[in-house]
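>>> What follows is a protein structure lacking sequence information:
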């Protein structure tokens, strides 16, 4: 399936969840916020939210600093 992630179209296997996507991208799930089709998805729903062909995903990574 094709997903648009932060403006870039990429191919992934069907049945991928948000948690699976975050893992596939090598991101720390504790430090990201995910929006699917203009709606923020709560972290508690990441493991059960299955993505569909054509979904538009925005991922924001939190970075600490001083």
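Structure's in. What do you need? Values in this document were obtained by computation on a predicted structure and should not be read as measured data.
>>> Is residue 52 located within a helix, as I assumed?
No: Residue 52 is assigned coil when assessed by DSSP: H, G, I helix; E, B strand; the rest coil, not a helix.
>>> Hmm, it is touching residue 1, no?
Yes: with contact defined as Cβ atoms under 8 Å, residue 52 counts as touching residue 1 (6.9 Å). Every C-beta, even on glycine, is put in place using the N, C-alpha and C of the backbone.
>>> In this protein, where is pLDDT below threshold?
Judged against pLDDT under 70, the low-scoring parts of the chain cover residues 65-66.
>>> What segments of it are strands?
Under the criterion DSSP state E, the chain contains strands at 2-5, 8-11, 32-36, 39-41, 56-61.
>>> would JSON lines of these with mean neighbour count and distance to residue 21 be doable?
Shown next, in JSON lines, are the strands of the chain (neighbours: other Cβ atoms under 10 Å; distance: least, Cβ to Cβ, whole Å):
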{"stretch": "strand 2-5", "mean neighbour count": "15", "distance to residue 21": "7"}
{"stretch": "strand 8-11", "mean neighbour count": "10", "distance to residue 21": "10"}
{"stretch": "strand 32-36", "mean neighbour count": "17", "distance to residue 21": "8"}
{"stretch": "strand 39-41", "mean neighbour count": "11", "distance to residue 21": "11"}
{"stretch": "strand 56-61", "mean neighbour count": "15", "distance to residue 21": "7"}
